[in-house]
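Trainee: dropping a prediction and its sequence here:
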Amino acid sequence: MKKLTSSRIILLALLAIQSSEAALDRISDFALLDSKGEFYQLSRYRHQKAMVIMALDGTCSETMDSLDQFESLRSKFGDQPVTFLLLNSSDNLKFENTQTLSDRALDAHLPLLRDNGQLVSEAMSVTKSGEVVIVDPNALTLLYRGIGGEEASAVIKELLAGEVFQTETKITSLDGCGLRFPAREKHASEVPDYGTEIAPIIAEQCAACHREGGIGPFAMDSHLMLQGWAPMIKEVLLTKRMPPMQVDPSIGHFTNARYVSDADFQKLVHWIDSGAPRGTSSVDPLTLLEFPDRRQWQLGEPDYIITAPRHEIPATGVLDYINVDVELPFQEDKWVKAVQYIPGDESVLHHLLTYVTAPDEAVQGEAATVNVATRFLEGYAPGKVDAMTFPKDTGVYIPADHKLSMQFHYTTNGKATSDETVLGLYVYDQPPRYENFTQSVSGLFRIPPYARDHKASARYIFEEDVTITGLRAHMHFRGKDMKFSAEYPDGTMRELLSVPNYSYAWQPTYAFEQPVNLPAGTRVHVTGAFDNSENNPANPDPSKELTFGLQSWDEMFIGYWTYHYSDSHE
């Protein structure tokens, strides 16, 4: 054991005394997209000693000078475990120099984070364009805030050398353009009202899942519940864990993606920061909300109700996928316009896939979906609980004498139970104009242990004119991000969907607001990455090498394209 010198004992004693009087500023975990749509979350950088961020306002005439200084700072530590980022902290992201600032950031290989609601800039207490903050991603503390020259460089050097004994955040002053925070100022003088401003946001975005008996972990059915869970609500908002099903809003537009305005985010966070007050409304709007029972038929009584075989699920253990064929109660051709699953026990039914198959045909679900087009009916997956209605004039065709092939994936939860899932089919009176198809596009991969950003890709060529109506990303616990794009026959590229922060808990089919027409010969691409590192909070074992496998702790890389043939198809 290393012997302590008297001077070191005195130093530690002084630090102990100081620590009772001062402390490093805490900073909330946060997540933002950069100008290229890449996802950055502070807590995902625990493998780094520091995250160094410069706040910028593109309307400031001194912005480019600040960038020069920041690039110089980055060049000193480019080979060290330090991440350098730019933060667009302007209160108006559509200012004249936005493109210039983005281009300059790209040229310097510096990600430019989009702080659209200024909430991260507020959390770091930045006040001026060009201000630099140095954050410890492990302790979630703010080590330094101020000028980006030698003062910042000295803090980084001490940090890398393990010589930081700070007990409070070091702050230096700098000249520069002041940052404006109009929403914060407005809400400081007039706190958003719970009854007329906050409750309506919760009702629209959250309460359908966060209700008694819902899939959310707690109910948001009163002001008292919101107030009690306010710190958690703020955390999941700032880290973009909620609302779920978040896509990059700058790429495509989807009817079922959860788009929340910057103004609503600001209202929620500022209301929480103000103590989540009840306000003066005599009635609590959240206590009046009523929702349909998810175990009832959402679209009315189905035309046909299909009951799957009952499966007994033990309390513990790993279960293989269960593939069963289910006969249909009709002998003539049918066209399905909508489908709803009601699980027997949703706590153990992880997912269910259903295919239309001929009498002598068997489909093994995701195990056989590598670049294979098949007549896929629908599926049940985490977060996908509502009835699925196919696009207008589109349906799934079930030929006479065909059956349903169903694949069940169960996960045990410590309690023995049984599952008897029912499936409701809503059919057309007359055949629709289009037949609905699903094309899976999957690639091979081998993920090394502890890989933080292991790339994967797959592609497929549509040989006919098609219209894309929906897209779905599918990976398991190591899934990091996935993008869908189309390469037209003339070589031009079009981005269609980006899921920058993939979550295994949310796997909807994103339905295009305006379907996308692809001419024959279009090559579609699915690209993405896996995070097999210890900083992935969902990762069960970062030491494993991974390839394709059926269980949740294995991996998959599949992009599903829902489409129908265009009118030109014969």
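Mentor: Cool, got the structure.
Trainee: ok, now which ones touch Gly395?
Mentor: 335-337, 427-428, 431-432, 434-436 (C-beta atoms under 8 Å, 6 or more residues apart in numbering). C-beta coordinates here come from the backbone N, C-alpha and C atoms, glycine included.
Trainee: switch those over to CSV; also include distance to Pro542 and neighbour count.
Mentor: CSV is the format used below for the contacts of Gly395 (distance: C-beta to C-beta, whole Å; neighbours: other C-beta atoms under 10 Å):
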residue, distance to Pro542, neighbour count
Trp335, 47, 18
Val336, 42, 22
Lys337, 45, 23
Val427, 47, 16
Tyr428, 49, 16
Pro431, 51, 12
Pro432, 47, 19
Tyr434, 45, 21
Glu435, 44, 16
Asn436, 39, 23
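Trainee: name the nearest residue to Asp541, ignoring sequence neighbours.
Mentor: Excluding its sequence neighbours, the residue lying closest to Asp541 (C-beta to C-beta, 6 or more residues apart in numbering) is Trp553, at 7.0 Å.
Trainee: same thing with Gln41?
Mentor: Ala31 (3.9 Å).
Trainee: can you check Ile215 too?
Mentor: Cys209 (5.2 Å).
Trainee: before we move on, what SS does that neighbour have?
Mentor: coil (DSSP: H, G, I helix; E, B strand; the rest coil).
Trainee: same thing with Ile461?
Mentor: Classification of Ile461 using three-state DSSP returns strand.
Trainee: so how many other residues sit close to it?
Mentor: By other C-beta atoms under 10 Å, the residues close to Ile461 number 12.
Trainee: ok, the contacts of Gly395 vs Asn539, which is closest?
Mentor: Asn436 (35.2 Å; C-beta to C-beta).
Trainee: contacts only, for the closest one.
Mentor: Going by C-beta under 8 Å, 6+ apart, Asn436 touches 390-391, 394-396, 469, 562-564.
Trainee: most neighbours, which of those residues?
Mentor: Tyr563 (27 neighbours).
Trainee: and that residue, that's in a strand?
Mentor: Yes - assessed by three-state DSSP, Tyr563 belongs to a strand.
Trainee: on that earlier part again, separation between the residue nearest to Gln41 and Leu42?
Mentor: Ala31 is 7 Å from Leu42, where distance means C-beta to C-beta, to the nearest Å.
Trainee: between these two, which is the more surrounded one?
Mentor: Between Ala31 and Leu42, counting by other C-beta under 10 Å, Leu42 is the more crowded of the two (23 against 20).
Trainee: list the contacts for Leu143?
Mentor: For Leu143, the contact set (C-beta under 8 Å, 6+ apart) comprises 24, 50, 134-136, 155, 159, 164, 166, 169-170.
Trainee: so what's the most centrally placed residue in the chain closest to, chain neighbours aside?
Mentor: The centroid of the chain falls nearest to Asn501 when counting by C-alpha atoms, centre = their mean (3.8 Å). In this structure, Asn501 finds its nearest non-sequential neighbour in Phe39, 4.6 Å apart by C-beta to C-beta, 6+ apart.
Trainee: cool, Phe445 as well?
Mentor: Ala456 (4.6 Å).
Trainee: and for Glu487?
Mentor: Arg523 (4.4 Å).
Trainee: for the stretch 51-200 of the chain, which segments count as strands?
Mentor: For the stretch 51-200 of the chain, the strands defined by DSSP state E, counting those that start in this stretch occupy 82-88, 112-114, 132-136, 141-146, 170-171.
Trainee: which parts of the stretch 1-150 of the chain are helices?
Mentor: Counting by DSSP state H, counting those that start in this stretch, the segments of the stretch 1-150 of the chain that form helices are 6-19, 63-76, 98-107, 119-123, 150-161.
Trainee: could you chop this structure up by domain?
Mentor: Split into domains by automatic domain parsing, the chain comes to 21-180, 184-288, 304-435, 438-565.
Trainee: is it true that the residue nearest to Phe445 touches Asn532?
Mentor: No - contact criterion C-beta atoms under 8 Å: Ala456 and Asn532 do not qualify, at 11.7 Å.
Trainee: hang on, the residue nearest to Glu487 is in a strand, isn't it?
Mentor: Yes - per three-state DSSP, Arg523 lies within a strand segment.
Trainee: can you start the count at 20 instead of 1 from here on
Mentor: All set: I'll call the first residue 20, so the last point we hit is now Arg542.
Trainee: and His428, how far is that from Phe496?
Mentor: 14 Å.
Trainee: next: Ile270.
Mentor: Taking C-beta to C-beta, one finds Ile270 at 25 Å from Phe496.
Trainee: what of Ser91?
Mentor: On the measure of C-beta to C-beta, Ser91 and Phe496 end up 40 Å apart.
Trainee: and these two? Which one has more around it.
Mentor: Phe496 (20 against 12).
Trainee: and the spatially closest residue to that one that is not a sequence neighbour, what does it touch?
Mentor: Setting aside the residues directly before and after it, Phe496 is nearest to Ala557 in space (C-beta to C-beta, 6+ apart), at 4.5 Å. Contacts for Ala557 (C-beta under 8 Å, 6+ apart) come out as 496-497, 522-523.
Trainee: please apply the same query to Gly568.
Mentor: 574-575 are the contacts of Gly568 under C-beta under 8 Å, 6+ apart.
Trainee: for it, phi and psi?
Mentor: The phi/psi pair for Gly568 (degrees, to the nearest 10) reads phi -160, psi 160.
Trainee: would you map the helices across the stretch 220-369 of the chain?
Mentor: 242-247, 249-257, 281-292.
Trainee: mind putting the ones you listed in CSV, mean neighbour count and mean pLDDT included?
Mentor: Formatted as CSV, the helices of the stretch 220-369 of the chain follow (neighbours: other C-beta atoms under 10 Å; pLDDT from 0 to 100):
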stretch, mean neighbour count, mean pLDDT
helix 242-247, 18, 96
helix 249-257, 17, 95
helix 281-292, 20, 97
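Trainee: which one of the ones you listed lies closest to Val343?
Mentor: Short answer: helix 249-257, nearest of those by C-beta to C-beta, at 37.6 Å.
Trainee: check what contacts that closest one and list those residues.
Mentor: 47-50, 138-139, 142, 245, 260-261, 284, 287-288, 291-292, 295.
Trainee: and if you look at stretch 327-340?
Mentor: 341, 343, 345, 363-364, 367, 383-384, 386, 425-442, 569-570.
Trainee: can you check stretch 504-518 too?
Mentor: Taking C-beta under 8 Å, 6+ apart as the rule, stretch 504-518 contacts 56, 266-267, 270-271, 273, 487, 490, 492, 500-503, 529, 535, 537-544, 546.
Trainee: name the spans of the stretch 470-589 of the chain whose pLDDT lies under the cut-off.
Mentor: Counting by pLDDT under 70, the stretch 470-589 of the chain has low-confidence residues at 587-589.
Trainee: ranges for the strands of it?
Mentor: Counting by DSSP E, counting those that start in this stretch, the strands of the stretch 470-589 of the chain are 473-481, 485-493, 498-506, 512-518, 529-537, 541-549, 577-584.
Trainee: arrange those in a markdown table, one row each, with distance to Ala400 as further columns.
Mentor: As requested, the strands of the stretch 470-589 of the chain are exported to a markdown table (distance: least, C-beta to C-beta, whole Å):
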| stretch | distance to Ala400 |
| --- | --- |
| strand 473-481 | 20 |
| strand 485-493 | 8 |
| strand 498-506 | 13 |
| strand 512-518 | 14 |
| strand 529-537 | 13 |
| strand 541-549 | 17 |
| strand 577-584 | 11 |
